[in-house]
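[1] predicted model follows, preceded by the sequence.
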Amino acid sequence: KQKTQITASSCATMSSAASETKVCLLTGASGTIGYAIAQALKASSTPSTNWHIILIGRRPPPASITHIDKKPRMVLPYDEFLKAEMTNESSVTSTLDSHFESLQKSPDANVQSLNRLDLLVNCAGCSLGNEPIVDVSAETFKNVMEVNVIVPFILSKWAMKKMATPSGGRIINIGSIAGESPRLHSVPYTTSKYALGGLTRALSIEGRHLAQTTKSTEAGEGVVAVCQINPGNVRSAIMSEEEAARREKEEGFVEADDLAKYVALVASLPNEANVLESTVMPTRQPLVGRG
């Protein structure tokens, strides 16, 4: 398994007794939204609380986000990367178990303090089969469901166990406005986002009864707040220039950085407070009303 090493610099902020380091596990940081979330979490750090960000995925993130969304060169803001086959539960769990066990066994107290999980952000996703239903194969449909639903399930299941402590934790699922109002020719993607909404609500109940759902005697009165944030149009180079131009004229865009700041705000809430479901969208995007 491939992972980055914790360096002295990544632990430097933990040296102060007055500073608490929280740990976030994040997927999808190679994309526009995930990158912005990592950056916003880092930017939200304060003298008393800072974020240690672990990325997990099939391949290492790029050295910069430039070739993804044409932004100026910036180093991806994260502390560690763990490589796993994301749709394979045994690969994901063994990778995470091995990583956190190594932290627990470290002779360095600062490294040991990272053996915790405060936040999981399920941001990775894919959009395939955006064509008439008669042209969509079952294999394509299955692939979208695996990435957009099965992967968040696998990670959330593992995270619940790790968060089974009196302090609990938080899980944020990045959904889509498609889970509220579908577009034409988007059957696999839309279905997956509706399914993610169901997963979010079911997990929120599990998190409310953390000790019972994790069969843990260590959870105490801890809870896991589970929520879903549904973005509307987000500006990204992944979208074709023609479609981007159409949406800019008719619907507008929300900037990934603004969406990410909202994610960081939700992440800063105490675990006893939850925003179950919310939508961050351009003001002009026609989700409601007849126009």
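    Received it, and whenever you're ready, just let me know what you need. Predicted, not measured: the structure shown is a model, and the values here were computed from it.
[2] what residues of stretch 84-100 count as buried?
    84, 86, 89, 91, 92, 93, 95, 96, 99, 100 (16 or more other Cβ atoms under 10 Å). Any C-beta I mention is one placed from the backbone N, CA and C, and that applies to glycine too.
[3] err, stretch 232-247, not the other one
    Buried residues in stretch 232-247, counted by 16+ other Cβ under 10 Å: 232, 233, 234, 235, 239, 244, 247.
[4] do stretch 197-210 as well
    By neighbour count with 16+ other Cβ under 10 Å, stretch 197-210 contains the buried residues 197, 199, 200, 203, 204, 206, 207, 210.
[5] what about the third one, which helix or strand?
    What that stands for is residue 200. For residue 200, the host element (DSSP states H and E) is helix 187-208.
[6] how about residues contacting that helix?
    125, 127-130, 133, 136, 140-141, 144-145, 147-149, 152-153, 156, 160, 168, 171, 173, 175-176, 178-179, 182-183, 213, 223-228, 230, 274, 276-277 (Cβ atoms under 8 Å, 6 or more residues apart in numbering).
[7] what do you get for stretch 128-137?
    Contacts for stretch 128-137 (Cβ under 8 Å, 6+ apart): 140, 141, 143, 144, 185, 186, 187, 188, 189.
[8] biggest separation within those, which pair?
    Using Cβ to Cβ, the pair of these lying farthest apart is 143 and 185, separated by 16.8 Å.
[9] who's more crowded, these two?
    For residue 143 and residue 185, the more surrounded residue by other Cβ atoms under 10 Å is residue 143, and the numbers stand at 17 against 14.
[10] tell me the mean pLDDT over the helix or strand where residue 39 lies?
    Element membership for residue 39 (DSSP H and E) is helix 32-43. Helix 32-43 shows a mean pLDDT of 93.
[11] show me what secondary structure element comes after that helix.
    Following helix 32-43 in sequence, per DSSP H and E, is strand 49-57.
[12] what lines up beside that following strand in the sheet?
    strand 20-26 (parallel), strand 80-83 (parallel) (DSSP bridges).
[13] chain center to stretch 277-291: distance?
    22 Å (Cα atoms, centre = their mean, to the nearest Å).
[14] report the buried residues of it.
    Neighbour counts using 16+ other Cβ under 10 Å place 277, 279, 280, 281, 282, 285 of stretch 277-291 among the buried residues.
[15] just the angle between the helix holding residue 39 and strand 49-57, please?
    Helix 32-43 runs at 150 degrees relative to strand 49-57, counting by axes from the mean of the first three to the mean of the last three Cα atoms, to 10 degrees.
[16] in helix 32-43, what counts as buried?
    Neighbour-count burial for helix 32-43 flags 32, 33, 34, 35, 36, 37, 38, 39, 40, 41, 42 (criterion: 16+ other Cβ under 10 Å).
[17] so can I have CSV of those residues showing distance to residue 54?
    Output for the buried residues of helix 32-43, formatted as CSV (distance: Cβ to Cβ, whole Å):
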residue, distance to residue 54
32, 20
33, 18
34, 13
35, 15
36, 17
37, 13
38, 10
39, 15
40, 16
41, 11
42, 13
